[in-house]
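J.: Got a sequence here, can you model it:
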Amino acid sequence: MAFSLLGQGDRKGALCTLDLAFHDCEPHDVRLLLLLKLILVFESGDQEEAITSIDYLVARAKNDDDDHATYLYTQARAPRNADTWVLGVMYMKKGDYGHAIPSIECAKSIAPRGTKCLPLETISLVFGWSFNGLVIVAQQRLCETLYADERVAEAAKILLNIVRTPSAEIQASKEVTDWIADFTEKCAVKLEHVGDEAFRSVKYDDAILQYSTALSLSPPSSVGLFIKRSHARAAKGFWEDALQDAYEAVKADPSYPWGYEAKHAALHGAKRYDEAIDAFKSMLDVIEESHDPAIRRMYPLYGFNTHNDNFTELRRNYISPSETIAAIDDIVREHLKSYPLVVINVTTGCLCDSAERVRIFKADPSYKELVSSPNESNAERILRVVARFFGYATFSHAWQGDEPSFQDVSLAKSVWNLPHTPLNEKLRNFCKETRRLGYNWAWSDTCCIDKTTSSILNRSLRSMYKWYADSAATLVFLSGVAHPSRPGDLTRSLWMTRAWTLQELLSPKVIFFYDSTWHPYLGDTGTNHKESPEIMEELADAIKIPRGTIVRFSPEDLGVREKLRLASTRNALVEEDVAYALIGIFKSDISPRYGEGADALGHLLEEIVARSGEVTVLAWSGRSSSYNSCLPASVSVYNQTPYNPPSLEGEEMEICITQLRDKLPQQVALGIYHQINFLPPVRFATRRLHLPCIVFPVRGLSTPTHAGTENLYRARVSGLGNVEFTTADDLPLDQRQKIVFAHPWIRHFRGPSSGDTWVDGSESDTDSVSDSGHDAGSDGAVPALRVGSYTRALQMIARLGQPFNALLLVQQSNGEYKRVAADHEIIVQGIGTDITPKNVRARVLEIL
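T.: The predicted model follows:
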């Protein structure tokens with residue numbers, strides 16, 4: 001009756017009828033009737049009440065230890081972790097798939113094997129409920145629900161449970177099989193997308209998790225996922241895991257080039273550079289051999305011709321190993337051009353030429369890392385790596401005798417094998433300190449120059465300034481400075497007196513001073529003693545140049561005379577080195593030739609004068625050089641302060657011009673001006689000085705007294721009057737040889753260069769500011785200052801009349817002149833404003 005009412009849709013009537021049935025049924029049928037009633041309650045819409053009641057019946061049956069009742073009700077309910085068929089269906093109908101699945105799984109586990117469950121068949125017949133494949137259906141629905149809620153990883157986990165279901169259950173339904181394939185692909189795509197977003201957001205752990213979950217589904221195409229997980233793991237520094245993924249990608253599809261790219265990246269990160277380079281080459285080979293148009297479009301990226309517009313963009317991202325090697329070779333070659341010819345490998349102690357250094361570099365991980373970096377091998381990065389690897393320290397010290405030579409180290413094979421002597425120990429300590437500072441190479445002038453080969457020696461001497469300037473650091477050893485050092489010890493040291501150490505002080509950008517025990521000078525452990533105010537101030541006070549000039553020296557920073565003054569206080573063990581030590585500071589091109597003696601200084605000074613036109617080189621007193629009588633025999637004379645006439649400007653200049661204007665007509669003044677202004681520059685030719693100057697002939701010579709070894713002379717000089725001077729030379733008093741005083745300081749009386757506008761020689765002798773007839777403010781233009789050539793000529797003549805340091809010259813039999821070396825500068829009072837054209841003789845004298 002109850003079922004008939006249920007079939008008619010009268011569920012309420014069915015429930016009432018079931019209640020009456022309880023009075024007439026057998027006790028064992030009560031359980032089934034209760035189950036049916038609860039299902040009817042569930043179907044009537046009171047789902048929670050039905051589920052709660054079943055839960056109560058199951059608990060009671062378990063407490064009564066009624067196995068039959070337990071089995072029957074466990075078809076309806078089991079506690080949370082052992083839910084049953086009926087309740088599983090209830091949960092599914094309610095949409096609670098999370099509870100449905102464990103309920104159904106539990107029911108399956110306790111059902112008798114090979115026995116039909118009559119109550120379930122009755123329920124199926126009465127209510128139309130299906131109990132076949134419930135687990136899979138519930139899991140499918142749960143997967144779809146989780147996927148819709150963006151909980152893809154959880155959906156994937158449930159999907160894996162479905163896949164692990166015995167194949168017979170799945171294969172029995174084509175619908176389930178198709179669903180698994182479709183949902184697997186859908187999940188994998190979604191997980192990959194989420195992983196990509198995490199990777200772009202630098203959330204590498206999340207990316208790895210998403211890619212791993214996708215891979216656990218065994219999607220049809222796993223190559224891309226393996227590659228992406230490899231990159232994510234590489235970003236975390238998990239090189240071995242990244243490499244394993246790359247291997248899997250290559251294994252899955254050997255024809256896909258980006259698996260090899262991932263393999264290269266992982267090997268590169270693991271510092272297995274040789275294998276990384278091979279992997280990259282494999283990628284190129286795969287691209288070259290591929291017939292896939294999508295892959296072939298990448299082919300020009302690695303050096304092959306194409307007209308595809310995308311190739312230029314792609315080309316920026318990679319360069320092939322061969323191109324990287326070529327770029328590295330070019331930069332290394334350019335670097336080594338200006339580096340020392342031979343250096344010491346501070347690890348092995350061996351002498352290494354350029355070729356050997358390149359060989360060692362190409363075996364070094366830093367080189368292999370560059371070659372294995374197709375994405376990063378730009379010129380700047382290569383330059384940094386090359387500079388760091390080939391950076392060297394130079395040694396600056398005072399030679400102390402039998403220093404270890406090139407031959408000594410070559411014979412011993414290493415500086416570490418040299419005999420135990422103080423000088424060998426000095427060299428070894430230099431190498432140890434270089435290594436401690438982090439440099440691979442050390443250069444010392446004692447053993448890194450083969451002085452038996454003149455071409456190598458000459459090249460080294462001419463390059464030495466640049467070698468110190470380009471060094472990573474210069475280490476200065478002060479052998480005579482005891483530990484602990486004190487302020488002033490440096491400037492009082494032997495090192496400060498040596499000729500070569502001047503350029504070794506000025507040219508390096510980084511310098512370290514050490515006392516006799518190799519402790520930093522004054523205990524200064526800074527990264528560069530040129531940044532030490534105390535040390536630099538000590539040096540600046542000692543050599544009398546600004547501290548900033550010492551720190552950032554360039555040959556252009558000081559004038560010729562100032563450089564010569566710095567050299568004048570220093571000496572050398574070998575005479576020629578006084579000059580050769582200045583080659584770099586003067587940017588000289590002279591060729592060293594040991595054996596030329598004092599002529600070395602003559603060669604240097606000749607070139608300075610010839611190149612710069614700087615005649616202040618001639619301002620000295622003392623002994624003449626055998627090279628040329630106008631040059632000194634010793635650089636020490638430049639420690640003298642040359643005479644510098646007082647400045648003639650302003651009102652004093654105006655007074656002189658007024659006086660001269662009264663004495664010298666315009667044409668006469670311009671004639672004197674043109675005489676002087678048209679003098680050619682000073683020059684040297686075949687050791688002869690061609691000196692432009694104003695000549696003042698000596699009309700008479702006498703010796704008023706004799707002062708020891710010095711001869712005091714009084715000369716009557718045309719245009720200058722009487723001039724007294726002393727010299728160790730014996731001069732002829734009978735005027736058989738022509739004697740002149742020369743005024744060579746042409747630049748001085750020509751005056752400073754001016755941007756003033758000159759008018760021609762026909763101008764009025766009245767100088768004024770031109771008046772164009774317009775108000776200066778009317779068009780914003782300021783009238784140009786027009787200084788008359790007459791005034792300019794008078795300015796020059798006024799300077800010519802000042803006191804000056806004269807050169808005393810004696811004419812030789814062939815018409816040339818020789819300078820008479822005076823013991824002191826010959827300062828003459830000048831001709832003032834009493835100038836006549838015959839007093840101004842502008843000449844070019846040839847001086848031997």
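
J.: Let's see the pLDDT reported for W258.
T.: Reported pLDDT at W258 in the predicted model: 85.

J.: Next: the one 4 residues further on.
T.: The predicted local confidence for A262 comes out at a pLDDT of 89.

J.: ok, now which ones touch it?
T.: F226, I227, S230, H231, A234, A242, D245, A246, A249 (CB atoms under 8 Å, 6 or more residues apart in numbering). C-beta coordinates here come from the backbone N, C-alpha and C atoms, glycine included.

J.: and if you look at S624?
T.: Counted by CB under 8 Å, 6+ apart, S624 has contacts C630, L631, P632, A633, K818, R819, A821.

J.: Now intersect the contacts of A262 with the strands, please.
T.: Among the contacts of A262, no residue falls in strands (DSSP state E).

J.: isn't D599 right up against Y627?
T.: Yes - here D599 reaches Y627: they are 5.0 Å apart, a contact under CB atoms under 8 Å.

J.: since we're on the closest residue to L160 other than its chain neighbours, how many residues are nearby?
T.: Nearest non-adjacent residue to L160, counting by CB to CB, 6 or more residues apart in numbering: S216, 6.5 Å away. When neighbours are counted by other CB atoms under 10 Å, S216 registers 16.

J.: same question, the one 5 residues further on
T.: Per other CB under 10 Å, the neighbour tally for S221 reads 10.

J.: Quick one: the strands in the stretch 551-700 of the chain, in order.
T.: 683-685, 688-707 (DSSP state E, counting those that start in this stretch).

J.: quick one: which of those strands has the weakest pLDDT on average?
T.: Minimum mean pLDDT among the strands of the stretch 551-700 of the chain: strand 688-707, a mean of 85.

J.: what's the next secondary structure element after that one?
T.: Next in sequence after strand 688-707, counting helices and strands by DSSP states H and E, comes strand 710-717.

J.: That following strand: partners in the sheet, and parallel or antiparallel?
T.: strand 688-707 (antiparallel), strand 721-727 (antiparallel) (DSSP bridges).

J.: For the strands of the stretch 551-700 of the chain, give me JSON lines that also has mean neighbour count.
T.: JSON lines is the format used below for these (neighbours: other CB atoms under 10 Å):
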{"stretch": "strand 683-685", "mean neighbour count": "16"}
{"stretch": "strand 688-707", "mean neighbour count": "16"}
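
J.: R200: which of those strands is closest?
T.: Closest of the strands of the stretch 551-700 of the chain to R200 is strand 683-685, at 71.7 Å (criterion: CB to CB).

J.: Distance from the chain centre to the closest one, please.
T.: Centre-to-centre, strand 683-685 and its host chain are 45 Å apart (CA atoms, centre = their mean, to the nearest Å).

J.: Run a quick neighbour tally on F390.
T.: 21.

J.: err, I344, not the other one
T.: 29.

J.: how about it, what does it touch?
T.: Taking CB under 8 Å, 6+ apart, we find I344 in contact with C350, L351, C352, V409, V415, C431, W441, A442, W443, S444, C447, C448.

J.: which residues does H748 contact?
T.: P645, R799, F804.

J.: In three-state terms, label the second one for me.
T.: Meaning R799. helix (DSSP: H, G, I helix; E, B strand; the rest coil).

J.: Compute the number of surrounding residues for it.
T.: 20.

J.: now it, nearest residue through space, not along the chain?
T.: Closest to R799 by CB to CB, 6+ apart is F749, at 3.6 Å.

J.: Distance from the strand or helix carrying that neighbour to the middle of the chain?
T.: In this structure, F749 is located in helix 746-750 according to DSSP H and E. The chain centre lies 48 Å from the centre of helix 746-750; the measure is CA atoms, centre = their mean.

J.: With just CA atoms, put that helix into CSV.
T.: Output of helix 746-750 as CSV, limited to C-alpha atoms (Å, rounded to 0.1, in the frame of the first residue of the first chain):
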residue,chain,number,x,y,z
ILE,A,746,109.3,84.9,-26.7
ARG,A,747,106.1,83.5,-25.2
HIS,A,748,106.4,85.8,-22.3
PHE,A,749,106.6,89.1,-24.1
ARG,A,750,104.2,88.1,-26.8
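
J.: Mind listing what's buried along that helix?
T.: Residues of helix 746-750 classed as buried: I746, H748, F749, R750 (neighbour count, 16 or more other CB atoms under 10 Å).

J.: do the same with stretch 151-169
T.: Buried-residue list, stretch 151-169, by 16+ other CB under 10 Å: V152, A153, E154, A155, A156, I158, L159, I162.

J.: Dump these to TSV, plus distance to E652.
T.: What follows is the buried residues of stretch 151-169, written out as TSV (distance: CB to CB, whole Å):
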residue	distance to E652
V152	96
A153	96
E154	100
A155	101
A156	100
I158	106
L159	105
I162	110
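
J.: Report the distance from stretch 743-754 to the chain centre.
T.: Worked out by CA atoms, centre = their mean, stretch 743-754 lies 47 Å from the chain centre.

J.: same check, this time on stretch 563-581
T.: Put simply, stretch 563-581 sits 36 Å off its chain's centre (CA atoms, centre = their mean).

J.: residues in contact with it?
T.: So stretch 563-581 is contacted by 399, 461, 497-503, 543-545, 558, 582, 585-586, 590, 592-598, 600-601, 603-604, 617, 635-639 (CB under 8 Å, 6+ apart).

J.: With stretch 662-682 instead?
T.: 609-610, 613, 615, 660, 689-692, 694, 744, 746, 749-750, 761, 765, 789-790, 792-794, 796-797, 800, 833-835, 837, 840, 842, 844.

J.: ok, and for that stretch, which residues are buried?
T.: L664, Q666, A669, L670, I672, Y673, I676, L679, V682.

J.: do the same with stretch 254-265
T.: By neighbour count on 16+ other CB under 10 Å, the buried set for stretch 254-265 is Y256, P257, W258, G259, Y260, E261, A262, K263, H264, A265.

J.: for the fourth one, what are its contacts?
T.: If I follow you right, that is G259. Listed by CB under 8 Å, 6+ apart, the contact partners of G259 are V223, F226, I227, A246, A249, V250, A252, D253.

J.: Send me the helix or strand hosting it as CSV with only the CA atoms.
T.: Secondary structure assigned from DSSP H and E places G259 in helix 257-269. Coordinates of each C-alpha in helix 257-269 appear next as CSV, following Å, rounded to 0.1, in the frame of the first residue of the first chain:
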residue,chain,number,x,y,z
PRO,A,257,65.2,22.1,-28.8
TRP,A,258,64.1,23.8,-25.7
GLY,A,259,64.6,20.7,-23.6
TYR,A,260,68.3,21.1,-24.4
GLU,A,261,68.0,24.7,-23.6
ALA,A,262,66.7,23.9,-20.1
LYS,A,263,69.4,21.3,-19.8
HIS,A,264,72.0,23.9,-20.6
ALA,A,265,70.6,26.3,-18.1
ALA,A,266,70.7,23.7,-15.3
LEU,A,267,74.2,22.6,-16.1
HIS,A,268,75.4,26.2,-16.3
GLY,A,269,73.9,26.9,-12.9
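
J.: Longest helix of this protein, counting residues only.
T.: helix 174-200 (DSSP state H).

J.: Quick check: next helix or strand after that helix?
T.: Next element after helix 174-200 (DSSP H and E): helix 204-216.

J.: what's the average pLDDT for that next one?
T.: Averaged across helix 204-216, the pLDDT comes to 87.

J.: Same question for stretch 161-169.
T.: Stretch 161-169 comes out at a mean pLDDT of 65.

J.: burial of L461, as a residue count?
T.: 23.

J.: ok, back up a step: got CSV for the buried residues of stretch 254-265, with distance to K368 too?
T.: Formatted as CSV, the buried residues of stretch 254-265 follow (distance: CB to CB, whole Å):
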residue, distance to K368
Y256, 26
P257, 22
W258, 22
G259, 22
Y260, 18
E261, 18
A262, 19
K263, 16
H264, 12
A265, 15
